[in-house]
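K.L.:
Predicted structure and sequence below. I'll ask about it afterward.
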Amino acid sequence: MTLSPSQSAPLLLDPIAKWLIVVDLWTFQLWRSRLSPDHGARNPDSVSFLNLWPGLFLTRSAQVYPSKTAIHYNDVSYSYSEFDERVQNLAGALVNAGISAGDRVAYLVPNIPQLLEGHYGPMRMGAVLVAINTRLSSREIGFILRHSGAKALVFDSEYADSVKDALEHSETLGVTTADSSEINLLVEVIDTDSKTNTPPTSGLRGVIEYEKFLSSGENVDLPILQRSELDTVAIDYTSGTTGEPKGVEYTGRGAYLNALGQCVDAGLRPSSTYLWTLPMFHCNGWCYTWAVTAAGGTHICLRQVTAEDVFSLVEQRGVTHMCAAPSVLTMMESSDGAEPGALTGTKIITGGAPPSPKMLRTMKSLGADLVHAYGLTETYGPSTFAAEQSGWNDLTTKEQAYLNSRQGVPNTVAHVGVRVVDEQMNDVPADAETIGEVVTRGNTIMAGYYNDPEGSQEAFSGGWFHTGDLAVMHADGYMELKDRKKDVIISGGENISSVEVEMVLMEHPAVLETCVVGVPDSQWGESPKAFISLREGFELEASEIIAFCRDRIAHFKAPRSVEFGELPKTATGKIQKYLLREREWAGRNRRIG
């Protein structure tokens, strides 16, 4: 028998249970020694217990599938045996260069084999991976290097100028004197297999070329580690859309289990071929850097994502799986290669923003199996997905598209640890109307924010991780995201979901991208305003957009004003609503009506 969230709520509200949760969390934080190489001594490996960490996947696959292709990149390929050997040499080279267990090793590298190797090499010798967003400014890169205390930096030649600036300038976002970075090792990746012209070498003092660095690790003995599955293996920095980037700590246990969860829910097999359209720096590629290896599948690396390359590789390599942000889906949909059946046999997992029913219908016409997932950096990537039910096939295409656009149900390893709650932490009724905050807990929740105990404590208030996202719960147990906690528009006392309005706008054939925010309104306090980026070759008047919405949703929900143009985005492609909201409310004492 499975208990619904509402059935389990009374237990969570019991005062004794609340006290036990607090004690449990306090004990966990006390017991866990962050970044300690000998922490595993508390629970050593034994005949019936093995500390979990995702590096185990490569060791196994190299033994089981030594000759099988593990990685394709343009004309280069590595078998699992070769992949494992290169990772071993990387680990040895780090040890030989003086990097110790617990040290942070930063990577500023695109989706090429060297970054895949970076997801295993540092971990194998006990170091912590810090994969940096390649789209960040030098100032932001400098902040991450200093905040994480990185001892080594592996970077691609394309980003040499950013690295120089990051290392030379001390002025960074909010870095205090308590933060420090002593980069003792610089390793440069010169991508000779890039389709573009090979960038010139950086010329940075003391830098070592990557392949030469790997050769220095041959036959180096690695330290014998007292591993703990609760040790930090990676620190992923959030995009910082509402403030300074936060370092999200991933444990060996969490990364291992989430990778296995992706294997199960995405259906990865040894025959699977995964195309890297999702940045590996983003939640460690939603843990697919480890999941594909766990399944014994093949990684197809892609330095720069273009629709032409995606459709070409799907056909040439028989791509079975890929993860893609909504912006990538939009690029593919608008491509000349978007012909019926072009993506037949390919499962695409998308997240970051709810796909519109129109996008879901379009992907279906291309032959793709589009799965909508939801998660955050703090949840190791996807934690819920819109699991398709057999009865949905009998519904109309429009009805199926709507059901699939919801954020859905917990994934395999999240179990039942996802709820939608009110301010008193009670589960909201499953009426598809009452809005509450999404909270979650379990094995695949971050250990905390690095060097930020206050932020961690706030995020874990009440024994649950608070996502800051607002959703409703449907009668079938599926969650549907409605907005960010601060993005609800209250107009004339009525709550308006900006996501709902955005999904209607995306139905218009001329709309490429859009976002809706609440702006000051003298009559209603605030009202919805739509910011729209149009498809090439289209022109529209604001009145046409407003009329289009009023024909499809309640009039009070329709935008009262429209602005056309490019939308501000983060380095990961997310639309920065807060910038538009700040602009609209500038000069006022408050930003609500």
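P.N.:
That came in fine, so what should we check first?
K.L.:
Could you list the low-confidence segments of the stretch 101-250 of the chain?
P.N.:
Residues of the stretch 101-250 of the chain that meet the criterion pLDDT under 70 lie in 169-181, 194-200, 239-244.
K.L.:
would you list every one of the strands in it?
P.N.:
For the stretch 101-250 of the chain, applying DSSP state E, counting those that start in this stretch gives strands covering 104-108, 128-131, 152-156, 185-189, 208-209, 232-237, 247-251.
K.L.:
in what helix or strand does the spatially closest residue to S533 that is not a sequence neighbour lie?
P.N.:
Using CB to CB, 6 or more residues apart in numbering and skipping residues adjacent in sequence, the residue nearest S533 is E513, 4.4 Å away. (Each C-beta comes from the backbone N, C-alpha and C, glycine too.) Assigned by DSSP states H and E, E513 belongs to strand 511-521.
K.L.:
Repeat that for S81.
P.N.:
Going by DSSP H and E, S81 is part of helix 80-96.
K.L.:
Now do the buried residues in that helix.
P.N.:
80-84, 86-96 (16 or more other CB atoms under 10 Å).
K.L.:
Between the residues you listed, which sits nearest D422?
P.N.:
D422 has its nearest neighbour among the buried residues of helix 80-96 in V87, at 47.5 Å by CB to CB.
K.L.:
What score does the closest one have for pLDDT?
P.N.:
V87 is assigned a pLDDT of 98 by the prediction.
K.L.:
Also A9?
P.N.:
On pLDDT, A9 comes in at 37.
K.L.:
Next: the one 4 residues further on.
P.N.:
At L13, the predicted lDDT confidence score is 39.
K.L.:
so how many other residues sit close to the residue nearest to S533?
P.N.:
As a burial measure, E513 scores 20 neighbours (other CB atoms under 10 Å).
K.L.:
List just the one of the strands of the stretch 101-250 of the chain that sits closest to M280.
P.N.:
Closest among the strands of the stretch 101-250 of the chain, using CB to CB: strand 128-131, at 6.4 Å.
K.L.:
if we can go back for a sec, what's near enough to touch the residue nearest to S533?
P.N.:
S327, T330, I532, S533, L567, I575 (CB atoms under 8 Å, 6 or more residues apart in numbering).
K.L.:
Am I right that the third one falls within a helix?
P.N.:
So the one you mean is I532. No: I532 is assigned strand when assessed by DSSP: H, G, I helix; E, B strand; the rest coil, not a helix.
K.L.:
if I read this right, it contacts V562, doesn't it?
P.N.:
Yes: the pair I532 and V562 qualifies as a contact (CB atoms under 8 Å) at a distance of 6.3 Å.
K.L.:
so what sits against both of those two?
P.N.:
With CB under 8 Å, 6+ apart as the test, I532 and V562 both reach I545.
K.L.:
Between the two, tell me which one has more neighbours.
P.N.:
Ranked by neighbour count (other CB under 10 Å), I532 and V562 place I532 first, with 24 against 21.
K.L.:
Grab the nearest non-local neighbour of that one.
P.N.:
Spatial nearest neighbour of I532, chain neighbours left out: T514 (4.8 Å); criterion: CB to CB, 6+ apart.
K.L.:
That neighbour: neighbouring residues, count only.
P.N.:
T514 has 24 neighbours, counted by other CB under 10 Å.
K.L.:
Test my guess that it contacts E507.
P.N.:
No: with contact defined as CB under 8 Å, T514 does not reach E507; the gap is 10.5 Å.
K.L.:
Same list as before, the contacts of E513 that is, but in TSV and with pLDDT and distance to R361 included.
P.N.:
TSV is the format used below for the contacts of E513 (pLDDT from 0 to 100; distance: CB to CB, whole Å):
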residue	pLDDT	distance to R361
S327	80	18
T330	86	14
I532	97	20
S533	96	21
L567	95	23
I575	89	22
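K.L.:
Of the residues you listed, which is the most crowded?
P.N.:
I532 (24 neighbours).
K.L.:
Pairing partners for that one in the sheet, please.
P.N.:
Using DSSP bridges, the bridge partners assigned to I532 are T514, F564.
K.L.:
List the residues that contact it.
P.N.:
I532 neighbours (CB under 8 Å, 6+ apart): L505, V511, E513, T514, L540, I545, V562, E563, F564, G565.
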